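> after the sequence you'll find the predicted model.
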Number of protein chains: 2
Amino acid sequence: MQLFWLSLLPCLYVTSLCTAEQGLEFPSFDGKDRVLHINERNYKKALKRFDMLCLLYHEPQPAHKGRQKQLQMTELVLELTAQVLEDKDIGFGMVDSQKDAKVAKKLGLEEEGSLYIFKDDRVIEFDGEFSADTLVEFLLDVLEDPVELISNPMELRAFERMEEDIRLIGYFKGEDSYYKAFQEASERFQPYIKFFATFDKTAKHLSLKMNEVNFYEPFMEEPAILPGRQLSEMEIVEFVHQHKRATLRKLRAEDMFETWEDDLDGIHIVAFAEEEDPDGYEFLEILKDVARDNTNNPELSIVWIDPDDFPLLTTYWEKTFKVNLFKPQIGVVNVTDADSVWLDMSNDEDLPTAEELEDWIEDVLSGKVNTEDDDDNDLIVNAWFLWDVFK
Amino acid sequence: MQLFWLSLLPCLYVTSLCTAEQGLEFPSFDGKDRVLHINERNYKKALKRFDMLCLLYHEPQPAHKGRQKQLQMTELVLELTAQVLEDKDIGFGMVDSQKDAKVAKKLGLEEEGSLYIFKDDRVIEFDGEFSADTLVEFLLDVLEDPVELISNPMELRAFERMEEDIRLIGYFKGEDSYYKAFQEASERFQPYIKFFATFDKTAKHLSLKMNEVNFYEPFMEEPAILPGRQLSEMEIVEFVHQHKRATLRKLRAEDMFETWEDDLDGIHIVAFAEEEDPDGYEFLEILKDVARDNTNNPELSIVWIDPDDFPLLTTYWEKTFKVNLFKPQIGVVNVTDADSVWLDMSNDEDLPTAEELEDWIEDVLSGKVNTEDDDDNDLIVNAWFLWDVFK
């Protein structure tokens, strides 16, 4: 177990170890090269050849052996993804940010480490957890229709239950109507933002008027409304951009780094709560109340993390933030150095009320609670200590 | 990308590729050996030294290079798990089924490929997806208290929402009561079956009498009741064993192979439905109705698979079973050869009604619908073809 490359291997799967039964075989990489090395000569052909082309824009081949292996691992994740999706007509390639700078510029690739998906005439950026699991699920979502039709009360219930997601719903005459603009807008946000449409009386349950589009922010009961009229694609796109940073948003593997980069003045208010846990569920309900009361505050965006979704990060967070994640927590994290302060909830009996939480959030937004204060306190304590010693 | 070991690498993660922000660093293996090789000399010491000891019982070192590498990968998953959980006082070890046969016998290890967890005086077998993700989450669950207390209406709502899980709830006077027997019983099923208790008036909402224990089968609204009296640990254990094979059960990463091994006469009725999808949700609701109507039929146990939970298996299933998993499906799978037949739901408009589904299930249970019939048809067709050619 001392081989050098092992020290670079992040985390991996093993296929089923020993079973007589058939039907649950995890794939293992078959060694066949499927990922293309994209350059000026082959990029146009690749774009033409596949329904969908996924290009990883990566740092130049590093001199450091460790980083070299990491790049190999990245390529391997792509290879396995390509193998699993072999029958779906998806191409995969790597673009070197130095050697292939020209191609990158032509294709509009900008962020090293991101995967760019070319489908029809649009580009989707993937900036999430780079595992085959997450990638495959993401790409399968991209292959689905960007708009789901809702045509009965049961499907409407499914729509109503998706409170964690940003979702839009529109009511149209049929396929040949302003629905077309809605559909085109949906393609620009697929699969991050979900679009639904209805052509029938299901709309009544939502009190939707003809050609009206409703935007549901996560966890909000009341939608933002784009009134029913001749909507253009750009009006819908504009409307989504205007509302898309949610007051309470769940961290998701498929866009976790993008969410994290979208900080407010260098900080995030982060809430940890396990939804499956009674305590966590209760805390989350309080948090939703607070978010609903403050949905019009553009300064406020709380990132909710369910530790169950990120088992490999749980102990890392516990160490970095010095918190116990078996219990709900809320705090402020400085994204430049991961320095943080956390609301004291050590009283085992009671979680804070919505009002107490709101007061604390106000203190965060006003700067009264911040990640630097305790650093100062340390300094002051040290100064007094020295004064005491040397006086 | 032609190195031999790569062909054996199943699926892996890559740490965040390129971000300036701090706070989301996925771990990568640091190369330090933490997994012990267990033998007759060290196993007692290992059991004493840790709060919890996890032993992988594995096949003997194989002669075949491919399988050797696979075993190394398995060890690597354990190493990364050990690293991530380093501060939790959990020991990890490997036991060779041939070289360490004596130790294995003493410890009661039986199934090659299973991980056995020793905690206090009990043993928990893990027979799920062998990935660091799943393992870490599982072990963190084992570290939690085996009984969760429910003490207010919000927590009760959290309990009521967990319809996918087998769960028990008991009403007791307090910690010093028959609760003790309940707690001891819970330890035998942790973390697969969830135990809850309440000491206060929350019980009234569930119409629980003092010392009564209720067992909720997944997706059932009415519990099975163990009446309130002086219950012993063994009575509760017996009660759980009697009810634990559910009429409708969801395939979960943490015990997927165990569930699959628990077939009925060599077959599984398998339903694929994406809960997040309106169609999938609707189908699942129909399925739940059918399960509720047939909960007393011991011959019936439907395995529900949400493809979203197993992205790497989705295309494998599509190929093996020749079905389109963008839509809901239900079929019969023979677990010895993965041969299968699927209910025809090609009519895009309507899903089957509960009655139609029930009729089909009856046909499956009576053997009228089975995986061998179409094989016969193939033979007959071939025979006619030959007859036609040679006559």
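Yep, that arrived. Residues are numbered from 1 along each chain as shown, chains lettered A, B, ... in the order given.
> can you name the residues in contact with stretch A:328-342?
Stretch A:328-342 has contacts (CB atoms under 8 Å, 6 or more residues apart in numbering or on different chains) with A:260, A:263, A:266-274, A:279-280, A:282-284, A:287, A:302, A:320-323, A:343, A:345, A:351, A:357, A:360, A:364, A:369-375, B:20-23. Every C-beta, even on glycine, is put in place using the N, C-alpha and C of the backbone.
> whoops, stretch A:346-366 was the one
A:267, A:269, A:279, A:282-283, A:286-287, A:289-290, A:293-294, A:297, A:299-300, A:302, A:328, A:330, A:332, A:343, A:345, A:369-370.
> pLDDT at A:D373, what is it?
The score at A:D373 is 72. That number is its pLDDT.
> tell me which residues touch it, please.
Contacts of A:D373 (CB under 8 Å, 6+ apart): A:V341.
> for A:V136, same thing?
Listed by CB under 8 Å, 6+ apart, the contact partners of A:V136 are A:T81, A:V84, A:L85, B:P311, B:L312, B:T314, B:T315.
> let's see 6 Å
A:T81, A:V84, B:P311 (CB atoms under 6 Å, 6 or more residues apart in numbering or on different chains).
> next one: the residue positioned nearest the centre of chain A from chain B, what distance?
Centroid check for chain A by CA atoms, centre = their mean gives A:D255 as the closest residue, at 2.5 Å. As judged by CB to the nearest CB, to the nearest Å, A:D255 and chain B stand 12 Å apart.
> contacting residues for that residue?
A:G128.
> how about it, phi and psi?
Per-residue torsions, A:D255: phi -140, psi 30 (degrees, to the nearest 10).
> determine the three-state secondary structure at the residue lying closest to A:R157 once chain neighbours are set aside.
With sequence-adjacent residues excluded and distances taken as CB to CB, 6 or more residues apart in numbering or on different chains, A:R157 is closest to B:Y281, at 7.2 Å. Classification of B:Y281 using DSSP: H, G, I helix; E, B strand; the rest coil returns helix.
> wait, B:Y281 sits on A:F159?
No - applying CB atoms under 6 Å, one finds B:Y281 not in contact with A:F159, separated by 8.9 Å.
> any common contacting residues for these two?
Between them, B:Y281 and A:F159 share no contacting residue, judged by CB under 6 Å, 6+ apart.
> and the helix or strand encompassing A:L47, what's its mean pLDDT?
Assigned by DSSP states H and E, A:L47 belongs to helix A:43-49. On average, the pLDDT along helix A:43-49 is 96.
> mind checking what helix or strand follows it in sequence?
strand A:52-58.
> got the CA coordinates for the helix or strand following that next one in CSV?
Toward the C-terminus, strand A:52-58 is succeeded by helix A:65-84 as the next helix or strand (DSSP H and E). Provided in CSV are the C-alpha atoms of helix A:65-84 (Å, rounded to 0.1, in the frame of the first residue of the first chain):
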residue,chain,number,x,y,z
LYS,A,65,4.3,14.4,-10.1
GLY,A,66,1.4,14.6,-7.6
ARG,A,67,-0.6,17.0,-9.8
GLN,A,68,0.2,14.9,-12.9
LYS,A,69,-1.4,11.9,-11.3
GLN,A,70,-4.4,14.0,-10.2
LEU,A,71,-4.9,15.0,-13.8
GLN,A,72,-4.7,11.3,-14.8
MET,A,73,-7.3,10.5,-12.2
THR,A,74,-9.6,13.2,-13.6
GLU,A,75,-9.2,11.8,-17.1
LEU,A,76,-10.1,8.4,-15.6
VAL,A,77,-13.3,9.7,-14.1
LEU,A,78,-14.1,11.0,-17.6
GLU,A,79,-13.2,7.6,-19.2
LEU,A,80,-15.5,5.7,-16.9
THR,A,81,-18.3,8.2,-17.4
ALA,A,82,-17.8,7.8,-21.2
GLN,A,83,-17.9,4.0,-20.9
VAL,A,84,-21.0,4.0,-18.8
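> how far does the host helix or strand of A:Y116 sit from its chain's centre?
According to DSSP H and E, A:Y116 maps onto strand A:115-119. How far strand A:115-119 lies from its chain's middle: 16 Å, per CA atoms, centre = their mean, to the nearest Å.
> helices or strands next to it in the packing?
strand A:52-58, strand A:122-126 (3 or more CB pairs under 6 Å, 6 or more residues apart in numbering or on different chains; DSSP states H and E).
> partner strands of the last one and their direction?
Strand A:122-126 has the following strand partners under DSSP bridges: strand A:115-119 (antiparallel).
> what's in contact with the strand it pairs with?
Taking CB under 6 Å, 6+ apart as the rule, strand A:115-119 contacts A:M52, A:L53, A:C54, A:L55, A:L56, A:L109, A:V123, A:I124, A:E125, A:F126.
> which one among those residues gets closest to chain B?
Distance ranking of the contacts of strand A:115-119 against chain B, using CB to the nearest CB, places A:L56 first at 8.5 Å.
> still on that earlier bit, the contacts of stretch A:328-342, buried ones only, as a PyMOL selection?
Command for PyMOL, covering only those of those found buried under the criterion 16 or more other CB atoms under 10 Å in any protein chain shown:
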select buried, (chain A and resi 260+263+267+268+269+270+271+272+273+274+279+280+282+283+284+287+302+320+321+323+343+345+351+357+360+364+369+370+371) or (chain B and resi 21+23)
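> many thanks, have a good one.
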